[in-house]
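Engineer: Predicted coordinates and the sequence they were generated for:
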Amino acid sequence: MAGTDANRHGTSDTVYICGGRSITSIGDISKWRPYELQLRNAINFKELIIGSEAPGYTGNMTGSLAPAECVLLEKINVCGVPIISLNLRTNYLIKEVLADNGCTANVTLPNAGFVEKLHLGACSTIEVLNHPRMRNFSIQSLDNLISMRVENTPNIPTLTIL
């Protein structure tokens, strides 16, 4: 990890991970409440825990998160983090996406993959294509939902949602 810019409130402005080719996980960074996460050469990351499922947790990251270089990523937790966009389009090995208690506006999964668990907070756009292995789906709020594209993913109750 290259460094963090921490302030006295227990949050950091940016977390930089550079040259992390041999790292598979940095553990739970939710306590830092990063505003921005920069991943460079983190190709072997298998999990990213940026948020927390603890009651009342609120993260600071309001931008977009697209861990495209994390080609081995299997699990991501952004619970309680109000990010604008979660783009996992290139993360074909992703199995678990936890985004409860947040307002992740746009969520995009790869076209075909291994997602088994998808938990969402309040989303405006969802794209899930060809994930027949998904067994565990939940969405906390449909109030912001504008667009939903779901294909060949039978365990997302699209008719109920619509």
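Structural biologist: Now that the structure is in, tell me what you want to look at.

Engineer: Enumerate every residue touching Arg89.
Structural biologist: 66, 68, 108-111 (Cβ atoms under 8 Å, 6 or more residues apart in numbering). Every residue, glycine included, has its C-beta placed from N, CA and C.

Engineer: are any of the residues you listed buried, and which?
Structural biologist: With burial judged by 16 or more other Cβ atoms under 10 Å, the buried subset of the contacts of Arg89 is 66, 108-110.

Engineer: Tyr92 is in contact with Gly113, correct?
Structural biologist: Yes: between Gly113 and Tyr92 there is a contact under Cβ atoms under 8 Å: 5.1 Å.

Engineer: Of the two, give the one with the bigger neighbour count.
Structural biologist: Taking other Cβ atoms under 10 Å, Gly113 and Tyr92 do not tie; Gly113 has more neighbours (20 against 16).

Engineer: do you know how far that one is from Ile94?
Structural biologist: 6 Å (Cβ to Cβ, to the nearest Å).

Engineer: same check, this time on Arg133
Structural biologist: Taking Cβ to Cβ, one finds Arg133 at 11 Å from Ile94.

Engineer: Give me the more crowded residue out of those two.
Structural biologist: Ile94 (24 against 13).

Engineer: So that one is in contact with Asn77, correct?
Structural biologist: No: the pair Ile94 / Asn77 is not scored as a contact, 11.8 Å apart, by Cβ under 8 Å.

Engineer: tell me the contacts of the nearest residue to Val97 once chain neighbours are set aside?
Structural biologist: Using Cβ to Cβ, 6 or more residues apart in numbering and skipping residues adjacent in sequence, the residue nearest Val97 is Leu118, 5.0 Å away. Contact analysis of Leu118 by Cβ under 8 Å, 6+ apart lists 97, 109, 128, 131, 134, 136-138, 156.

Engineer: what comes up buried for the helix or strand encompassing Leu118?
Structural biologist: Secondary structure from DSSP states H and E places Leu118 in strand 117-122. Going by neighbour count (16+ other Cβ under 10 Å), the buried part of strand 117-122 is 117-122.

Engineer: Now the element after that strand, going C-ward?
Structural biologist: That would be, after strand 117-122 and using DSSP H and E, strand 125-129.
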